[in-house]
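Trainee: Here's a sequence, model it:
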Amino acid sequence: MSDLLEEFEQKKEVIREIVEEHVRKRDNASTEAHEYARLRDELNAKVREMRDEAKRKIAEKNELIEKVQNMRADKEEHYRKLSELRKEMRKIRDEANIQGIDRRDIKTRKKDLERLELKQQTTQLKKNEELKVVAEIKKLTNEIKRMEKQFETEMEGNASIRELNAKITEEKKLGESEKKEIEEISSKISAISEEINKDLQELDEVRKKADEYHEMFVKFSQESTKEHEAFIQAKNDLRDLEKVIGSMRTKTRATKKKEKEGELQNKATALFEKFKNGEQLTTDDLLILQKAGFL
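Mentor: Take a look at the predicted model:
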């Protein structure tokens, strides 16, 4: 019995160490799981912030695109009006009746001037012929300048022309202003688009890292659960073995007590025989007889 009890005691210590090992592994895995959960949650919060910021930029971009579309329509309307005003201006100028000046004469002189300039550039002329052509070019140039200056002077005094010029200047100014603002907003849209693309790439990287942390959290959570289950099993095994050892110790003590009582009874019986035979007994012998119930 004592050998078996000693074997069980050794086995109990082994199981106790196993219990402590499972507790250590469980707690370490739980700590790792909590750490990865913390890192994951931080990145998920960052992902939400980045997603909200990306949504804000996308909304801003869409608003700017809509604004540009409306401005382009306004710009095209200004240029349409400008084209109509210029057409009206040309009509008035072509139909204008200036004393001593016919617009058709100016056009004719300009064609003659172009013909003479081409002749001078492309034809081999004698000296006197070239001088004559140069003189005619100079004369036509001066006549055209004089006639156009007189025509423009008369036009400047025309109320309709002044009013049209004011409208043309205004529409041109508005159209160019719209165009400039459209270009500025378009540049801003391009910059925001680049920012959005960059933000979305970074967001995707952060989300992937958060997913990696979640996988590690799951891994260590499962490991912690596994170790806890193993700990419970080992703890139950230890409790069962301690019950067995306790029972064995009780039986051992009972056996030893019974053996001791048997030895005492045998010794008392022998002493009692001596006592009956009239032999002298010592005080200790008498105590043994008394303890065994003979006296």
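Trainee: so how far is stretch 64-71 from its chain's centroid?
Mentor: Here stretch 64-71 shows a centroid-to-chain-centroid distance of 28 Å under the convention Cα atoms, centre = their mean, to the nearest Å.
Trainee: Now do it, average pLDDT.
Mentor: For stretch 64-71, mean pLDDT rounds to 94.
Trainee: Which residue ranges of the stretch 1-150 of the chain form helices?
Mentor: With helices called from DSSP state H, counting those that start in this stretch, the stretch 1-150 of the chain shows them at 2-95, 103-122, 127-156.
Trainee: Need these in CSV (columns: distance to residue 229).
Mentor: For every residue, glycine as well, the C-beta is placed using N, CA and C. Converted to CSV, the helices of the stretch 1-150 of the chain look like this (distance: least, Cβ to Cβ, whole Å):
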stretch, distance to residue 229
helix 2-95, 9
helix 103-122, 103
helix 127-156, 102
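Trainee: Minimum distance to residue 232: which of those helices has it?
Mentor: helix 2-95 (8.6 Å; Cβ to Cβ).
Trainee: quick revisit: what's the closest of the helices of the stretch 1-150 of the chain to residue 190?
Mentor: Of all the helices of the stretch 1-150 of the chain, helix 2-95 comes closest under Cβ to Cβ, at 9.7 Å.
Trainee: Tell me which residues touch residue 216, please.
Mentor: 32, 36 (Cβ atoms under 8 Å, 6 or more residues apart in numbering).
Trainee: Just give me the neighbour total for residue 205.
Mentor: A count of neighbours around residue 205, defined by other Cβ atoms under 10 Å, yields 10.
Trainee: Next: residue 82.
Mentor: Residue 82 has 20 neighbours, counted by other Cβ under 10 Å.
Trainee: now it, nearest residue through space, not along the chain?
Mentor: Nearest residue to residue 82 in three dimensions, chain neighbours excluded: residue 171, at 4.3 Å (Cβ to Cβ, 6 or more residues apart in numbering).
Trainee: now the helix or strand harbouring that neighbour and helix 127-156, what's the angle there?
Mentor: Using DSSP states H and E, residue 171 maps to helix 159-276. In terms of direction (axes from the mean of the first three to the mean of the last three Cα atoms, to 10 degrees), helix 159-276 departs from helix 127-156 by 80 degrees.
Trainee: now helix 159-276 and helix 2-95, what's the angle there?
Mentor: Counting by the same axes, to 10 degrees, helix 159-276 lies at 180 degrees to helix 2-95.
Trainee: Any stretches of the stretch 101-250 of the chain with poor pLDDT?
Mentor: Within the stretch 101-250 of the chain, the stretches with pLDDT under 70 are 101-103, 154, 157-158.
Trainee: ok, 80 please
Mentor: Counting by pLDDT under 80, the stretch 101-250 of the chain shows low-confidence ranges at 101-106, 125, 148, 150-162, 245-250.
Trainee: Residue 153: how many residues sit nearby?
Mentor: Neighbourhood size, residue 153 [other Cβ under 10 Å]: 10.
Trainee: Check residue 175 too.
Mentor: Neighbours of residue 175 under the rule other Cβ under 10 Å: 19.
Trainee: ok, now residue 12?
Mentor: Using other Cβ under 10 Å, residue 12 is surrounded by 16 other residues.
Trainee: got the contact list for the nearest residue to it once chain neighbours are set aside?
Mentor: Excluding the flanking residues, the one nearest residue 12 by Cβ to Cβ, 6+ apart is residue 241, at 5.2 Å. Listed by Cβ under 8 Å, 6+ apart, the contact partners of residue 241 are 8, 11-12, 15.
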